[in-house]
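Peer 1: Sequence and predicted model, in that order:
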Amino acid sequence: MNLSPITLLNSKDLGKNKLHTVATQFVSILLSQMFDKMEESVVKSPIVPQSASEKWYRKWLMDVYSQEATSNQLKSLVDMVTSQLARGEYRK
């Protein structure tokens, strides 16, 4: 069962595993948005227009890249977000 970060934070049982899941999803979403903004800054050629399916595929690929980067290279950032969530700093 894949819960959204909002559902996990609103639950009564905020265990370490749930907080880690929320932090991982948050960092992944943040990184995906950064990739989207980076892609928007690339100059597109009017000679070869992008189809809707290519745009969808690129978005999906950036999401996969962000999930992989979050689970492999950005573990320290996920740990920092998890520790801040554990202290309850998101409630301020």
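Peer 2: Received it, and whenever you're ready, just let me know what you need.

Peer 1: Can you classify the residue sitting furthest away from the middle of the chain by secondary structure?
Peer 2: What lies farthest from the middle of the chain is Ile47; by C-alpha atoms, centre = their mean that is 32.7 Å. Classification of Ile47 by DSSP: H, G, I helix; E, B strand; the rest coil places it in coil.

Peer 1: And it, how far from Val64?
Peer 2: From Ile47 across to Val64, the span is 28 Å (C-beta to C-beta, to the nearest Å). For every residue, glycine as well, the C-beta is placed using N, CA and C.

Peer 1: what's the answer for Ala86, then?
Peer 2: For Ala86, the distance to Val64 - C-beta to C-beta - is 28 Å.

Peer 1: Looking at the two, which one has more neighbours?
Peer 2: Ala86 (15 against 12; other C-beta atoms under 10 Å).

Peer 1: Could you tell me how many residues sit around Leu74?
Peer 2: Considering only other C-beta under 10 Å, Leu74 is surrounded by 19 other residues.

Peer 1: tell me the pLDDT at it?
Peer 2: Note on Leu74: pLDDT of 89.

Peer 1: Check Ser4 too.
Peer 2: 53.

Peer 1: Show me the helices in this protein, by range?
Peer 2: Applying DSSP state H to the chain gives helices spanning 5-10, 16-40, 52-72, 75-86.

Peer 1: count of neighbours near Ala69?
Peer 2: 16.

Peer 1: now do Met80
Peer 2: 13.
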